[in-house]
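> Test case, fold it:
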Amino acid sequence: MKPASDTPEYISGVSASVFAGMTAADPNATWIMQAWLFFSDSRFWQPTQIKALLSGVPQGRLVLLDLFADEHPVWTRTSALYGHPFIWCMLHNFGGNNAMYGALPSVAEGVTAALEKDNLVGVGMAPEGIEQNPALYEFMAEMAYKGRAAAAAAPGGFSSWFKEYSRRRYAAAGPLPAPVSAALNSAWQLLAHSVYSCRDHLHNTVCDIPTSRPGLSRSEIMGWGLAPHLWYNVNDVRAAWELMLQAVGVAPQLSGSSAFVYDLLDVSRELMSKIAGRFWADAVTAYQSGNLTCLRGSGTALTGLLEAMDSLLASHKGFLLGPALDRARAYACNNSSDSTASEVLQQQQEQLANLYEWNLRTQLTIWGTSNAAGDSEVSDYANKEWSGLISSFYLPRWRAWLTRLERDLVLGRPYDAAAWRLEVLMLTYRWINTGSTADSSSISSSGSDTSEAMAVELGEPGLVSDVSACDDSSSCSSKASVSVFAAPAVSVQDAAVVARGDPVQLSRHAYERYGRLLAPVVVSAPAGTVMAAAAAAAVVAGAAGAAVVAATATAAPVMPVLEEVAA
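Model prediction:
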């Protein structure tokens, strides 16, 4: 909320009045204020207005949290918040998104500079979600210790920190051969200087394709999505992926380290998420050119990738929807195991557990409603690439959209963004309320889900093409009686609560299937820009929709294989 006036006299009077109210209740009160408003509404909060607001409170009675100092510090443009005590904070995460991301060089440099100010009273973290990017939070936790930030900010210090991190991170696996340790250090150096060295100062609310509300462009959707943030060379991350697979191949005991498995799957997930941009861009291109065969091929590639990602992530507890749902329900059932609890109390606890689970499903999807149509400007803000959430919600949503595109081409009708927005909203509400995107019409007489709610009959039987058959000469002459994207509905009741599958084998299979798509590329889009349809496709080479890819050479292995160690 903006003040009614931007004059210094008015603004200082407001803060003075607030502080007077606080001290009337507690004469020793200290006001703790987030400095977020000075960033989020920086057009209004210019230095004059900021200084006026802070001047209404006596020095020492107001402590400011410079909440987003890792990316957009306020203290550097306000003479250290005009002398008021402040805490340098790393925000980092929005909505609990779990993409690999960090601005760690800026963190080390920022903390080092802030420590020179006499009115700095603390260093802190203020993420909206913390169960992701463990390396980043361990790094940040050390920055408050004397000399640690300066050491990390010094030449070579950042690399030295990650060398030590790679050693202690996998200590539970026991002693490792020196070449294996060297390979793991190399992998982390690549990650440190790519995904964890963002300097473009963009928000990192994750807008990658798997968790995005489908559409032909970002302008079509409401909320977050369809704008992958790519600030690093994807081949650095691919090289790290390859090194980690080589390391566990030589030292199988690494597969017994939960930390290693988590990191391996996280790197796999990160690149699969970026590769999904290629298939989405191809599908958009195929649809806009009226090419049904290519649409089916690209759409099948996209849904296949999402299926593979769901299976991959199911192999570690850190990427499962099921435990999150169980935790939500558990808050309501403190006495559920008490056999003496009354039936009425047990019913109340069950109702409360259902409410808490409903709240979590809502938060993961639309968060809340903000307009008359029931839509939300924060749809997908809290997206997560979790097994169970992909299979029961994100994948069916993509299938529904692809089916709509397919039917448009078969019937010769134009794209109807408004109808799709309503369709996907209803699909979302069904998932929130029932745990499945299927509606009652897709439930057979036996009570089992038989198909996705959005599967439709399309017309005459015809051919279904594989993605490899896609070329510019394909046409819309082939028609199928049922959408090629129809599939059995999945419920959150099917979401695993314990890990299943061999994570190393699944990651290796994903690398063999999708890692080959990554090749050295030259992207014409400016570094650090939010990438829309064509630019999103540039994360991989050789796609019909990758209009900004300038090179499509097949990449050679990026690091020597550790065969000599195995020998």
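> So the nearest residue to residue 95 once chain neighbours are set aside versus residue 206, what's the distance?
The shortest distance from residue 95 to any non-neighbouring residue, by CB to CB, 6 or more residues apart in numbering, is to residue 382 (3.9 Å). (C-beta placed from N, C-alpha, C; glycine too.) Remark: distance between residue 382 and residue 206 (CB to CB, to the nearest Å) = 10 Å.
> neighbour-wise, which of those two wins?
Neighbours were counted for residue 382 and for residue 206 using other CB atoms under 10 Å; residue 206 has more, 29 against 23.
> On the three-state scheme, the more buried one is what?
Each residue gets one of three states, and residue 206 gets coil by DSSP: H, G, I helix; E, B strand; the rest coil.
> Can you report how many residues lie near the nearest residue to it once chain neighbours are set aside?
Nearest non-adjacent residue to residue 206, counting by CB to CB, 6+ apart: residue 97, 3.9 Å away. Around residue 97 sit 24 other residues, with neighbours defined as other CB under 10 Å.
> quick one: residue 97 and residue 382 touch, right?
Yes - contact criterion CB atoms under 8 Å: residue 97 and residue 382 qualify, at 7.4 Å.
> List the residues that are in contact with both of those two.
By the contact definition CB atoms under 8 Å, 6 or more residues apart in numbering, residue 97 and residue 382 are jointly contacted by residue 129.
> Overlap in contacts, residue 382 and residue 206.
With contacts taken as CB under 8 Å, 6+ apart, the residues that reach both residue 382 and residue 206 are 95, 97.
> circling back to that earlier point, am I right that the residue nearest to residue 206 is in a strand?
No - Residue 97 is assigned coil when assessed by three-state DSSP, not a strand.
> Give me the distance between the strand or helix carrying residue 266 and the centre of its chain.
Applying DSSP states H and E as the criterion places residue 266 in helix 258-288. Per CA atoms, centre = their mean, to the nearest Å, the displacement of helix 258-288 from the mean C-alpha position of its chain is 11 Å.
> That one - what's its average pLDDT?
In this model, helix 258-288 has an average pLDDT of 97.
> check which helix or strand covers residue 54.
Taking DSSP H and E as the definition, one finds residue 54 inside helix 47-55.
> The helix or strand just after that helix - contacts with which helices or strands?
Past helix 47-55, further along toward the C-terminus, the next helix or strand under DSSP H and E is strand 62-66. Helices and strands touching strand 62-66, as assessed by 3 or more CB pairs under 8 Å, 6 or more residues apart in numbering; DSSP states H and E, comprise strand 31-34, strand 86-90.
> make it 10 Å
Applying 3 or more CB pairs under 10 Å, 6 or more residues apart in numbering; DSSP states H and E, one finds that strand 62-66 contacts strand 31-34, helix 36-40, helix 47-55, helix 79-82, strand 86-90, strand 120-125.
> For the third one, what is the distance to the chain centroid?
Distance of helix 47-55 from the chain centroid (CA atoms, centre = their mean) equals 36 Å.
> same deal with stretch 157-172?
On CA atoms, centre = their mean, the centre of stretch 157-172 falls 25 Å from the chain's centre.
> what's the answer for stretch 117-124, then?
In terms of CA atoms, centre = their mean, the centre of stretch 117-124 is set 31 Å apart from its chain centre.
> Quick check: buried residues in it?
Within stretch 117-124, the residues that count as buried by 16 or more other CB atoms under 10 Å are 117, 119-120, 123.
> nearest to residue 513, of those residues?
Taking CB to CB as the measure, residue 513 lies nearest residue 123 of those, at 43.0 Å.
> Would you check how far apart the closest residue in space to residue 259 that isn't next to it in sequence and residue 138 are?
Distances taken as CB to CB, 6+ apart place residue 169 nearest to residue 259, at 5.5 Å, with adjacent residues excluded. In this structure, residue 169 lies at 9 Å from residue 138, with CB to CB as the measure.
> Pick out whichever of the two has more residues nearby.
When residue 169 and residue 138 are compared for neighbours, residue 169 comes out ahead with 20 against 13, by other CB under 10 Å.
> How about the contacts made by the more buried one?
Contact analysis of residue 169 by CB atoms under 10 Å, 6 or more residues apart in numbering lists 134-135, 138, 162, 184, 188, 257, 259-260, 262-263.
> just the buried members of those?
Among those, those buried by neighbour count (16+ other CB under 10 Å) are 134-135, 162, 184, 188, 257, 259-260, 262-263.
> Please save the CA atoms from stretch 394-410 in PDB.
As requested, the backbone C-alpha atoms of stretch 394-410 are provided in PDB (Å, rounded to 0.1, in the frame of the first residue of the first chain):
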ATOM      1  CA  TYR A 394       1.500 -31.300 -14.200                       C
ATOM      2  CA  LEU A 395       1.500 -34.200 -16.700                       C
ATOM      3  CA  PRO A 396      -2.300 -34.500 -17.000                       C
ATOM      4  CA  ARG A 397      -2.400 -30.700 -17.400                       C
ATOM      5  CA  TRP A 398       0.000 -30.800 -20.300                       C
ATOM      6  CA  ARG A 399      -1.800 -33.800 -21.800                       C
ATOM      7  CA  ALA A 400      -5.100 -31.800 -21.700                       C
ATOM      8  CA  TRP A 401      -3.500 -28.800 -23.500                       C
ATOM      9  CA  LEU A 402      -1.900 -31.000 -26.100                       C
ATOM     10  CA  THR A 403      -5.200 -32.800 -26.700                       C
ATOM     11  CA  ARG A 404      -6.900 -29.400 -27.200                       C
ATOM     12  CA  LEU A 405      -4.200 -28.400 -29.800                       C
ATOM     13  CA  GLU A 406      -4.600 -31.800 -31.500                       C
ATOM     14  CA  ARG A 407      -8.400 -31.400 -31.800                       C
ATOM     15  CA  ASP A 408      -8.000 -27.800 -33.100                       C
ATOM     16  CA  LEU A 409      -5.900 -29.000 -36.000                       C
ATOM     17  CA  VAL A 410      -8.200 -31.900 -36.700                       C
END
